[in-house]
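**Student:** Pasting a predicted model and its sequence here:
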Amino acid sequence: MATMKQVALAAYPQGNPRPEDFRIEDAPVPEPGEGEVLLKTLWLALDPLIRFAIDEKPLTGITHVALGEVMYGPAVSLVVKSNHPDYAPGDVVEGRTGWREYAVVAPDRSDYRGPPRKVDPALAPVQTALGALGMPGETAYVGMIDTGRVQAGETVVLSAAAGAVGGVAGQIGKLKGARVVGIAGGPEKCAALLEQGFDGAADYKAPDFAQQLARACPEGIDLYFDNVGGEVTLTVMAQMKRGGRMAICGFIAYHGVGMEGPGPDRLPGFFRMLNAKSLEIRGFAGMMAGPEARTSLAAWYRDGKLAAPEAVVEGLEAAPAAFAGVFSGNSFVGKLLVKVSEPT
Ligand SMILES: NC(=O)c1ccc[n+]([C@@H]2O[C@H](COP(=O)([O-])OP(=O)(O)OC[C@H]3O[C@@H](n4cnc5c(N)ncnc54)[C@H](OP(=O)(O)O)[C@@H]3O)[C@@H](O)[C@H]2O)c1
């Protein structure tokens, strides 16, 4: 019997995930039944949102991985066998099939994850369906265009700007004529942002972060696209213009701290700033993206106006350490991907 590798959840992470929270296993390659399709995983996306699925007690989000189960996560895969009329061997698809080398899906019985969507290899490298031309790109689009309502001439600040969502959101800001300033951890990531066309960058790990941000935004901030929360956000808020807007995309500083975190309670300062600056704050979900998001991103990519930077680690076994590094520090710029196999 043919076997494959898969990654199971070995322990619920306490705080940030650690590589030891996951276990590499051998398992039989599954056989597709009636109406089912066998997929060979080519690429995995190590999205920070996966962290919500492995909280011991589910808080928000609709997916929960129990101990011993295969890790949940988005993947781009090759159809290798099909008992379904809409899918043929050789098709490339994107779906939430998890950290495994092969997966069987039943498109007609698919749950909230939806049937695998076809990826057009003629448009772009197929792994962009997990980054700039997929969920992170669509999230960036919704956050900048619909929620943030970015305008030409505005100063926009983005946190986790060297990541998948922030990188695309920054490019959308530039396409719309805004001045775009990115926040990232460390001088190397900040230098990479400037190389990518950001107008300014600030290193939130540096002791003079607030001063760096003030130098990059001398007239204050009109729109803050927030991916992180925490101290970074409190520092940015103090430099918002009166009536500024905050589009709350994510809060990676709070993944794994439950609903309250260890404290201290920073809400008094938060409310004071909100009130004093008449700020508008609105959360949003990338799932709200309409078809125009995907169409616009594809057109920008085709016209050479949108880049899709990526960082690649090799092999399924590399997934646990790379995923842990998303929360505890890494040097990756762009969409973080695991290359699992070749499409042969
Ligand atoms: N609203 C939605 O529908 C939606 C959809 C997708 C993603 N999100 C959220 O958007 C955020 C970014 O996602 P992504 O896919 O772009 O992530 P990503 O590419 O994996 O980048 C995440 C980056 O966040 C930074 N980071 C990690 N911990 C941090 C902390 N404690 N404080 C400040 N920065 C920290 C790290 O960069 P540095 O080295 O620069 O620290 C890390 O590389 C996440 O919070 C994610 O959950 C929301």
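**Tutor:** All right, it came through fine.

**Student:** CA only for contacts and neighbour counts going forward, please
**Tutor:** Will do.

**Student:** Give me the three-state assignment for the nearest residue to R100 once chain neighbours are set aside.
**Tutor:** Nearest residue to R100, sequence neighbours excluded (C-alpha to C-alpha, 6 or more residues apart in numbering): Q6, at 4.0 Å. What DSSP: H, G, I helix; E, B strand; the rest coil gives for Q6 is strand.

**Student:** For the stretch 101-250 of the chain, which residues are neighbours of the ligand?
**Tutor:** Counting by C-alpha under 6 Å from any ligand atom, the residues of the stretch 101-250 of the chain close to the ligand are 136, 139, 160, 162-166, 184-185, 227-228, 249-250.

**Student:** Show me the two of those residues that sit farthest apart.
**Tutor:** Across those, the longest distance by C-alpha to C-alpha is 21.5 Å; it joins T139 and G185.

**Student:** higher neighbour count, those two?
**Tutor:** Neighbours per residue, other C-alpha atoms under 10 Å: of T139 and G185, the larger number sits with T139, 25 against 19.

**Student:** The more buried one touches V165, doesn't it?
**Tutor:** Yes - between T139 and V165 there is a contact under C-alpha atoms under 8 Å: 6.7 Å.

**Student:** intersection of neighbour lists for these two?
**Tutor:** Common contacts of T139 and V165, defined by C-alpha atoms under 8 Å, 6 or more residues apart in numbering, are absent altogether.

**Student:** Look up how far E292 lies from the nearest residue to M288 once chain neighbours are set aside.
**Tutor:** Distance criterion C-alpha to C-alpha, 6+ apart; nearest residue to M288, sequence neighbours excluded, is V142 at 7.2 Å. Distance of V142 to E292, computed by C-alpha to C-alpha, to the nearest Å: 10 Å.

**Student:** How about the contacts made by Y224?
**Tutor:** G148, V156, V157, L158, V236, M240, G244, R245, M246, A247.

**Student:** Quick check: ChimeraX command selecting the buried ones in those.
**Tutor:** To isolate the buried members of the contacts of Y224 in ChimeraX, using 16 or more other C-alpha atoms under 10 Å:
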select :148,156,157,158,236,240,244,245,246,247
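
**Student:** ok now do A307, which residues does it touch?
**Tutor:** A132, V168, Y301.

**Student:** so how far is the ligand from it?
**Tutor:** A307 sits 14 Å away from the ligand, going by C-alpha to the nearest ligand atom, to the nearest Å.

**Student:** The stretch 1-150 of the chain: helices as residue ranges?
**Tutor:** Assigned by DSSP state H, counting those that start in this stretch, the helices in the stretch 1-150 of the chain fall at 135-141.
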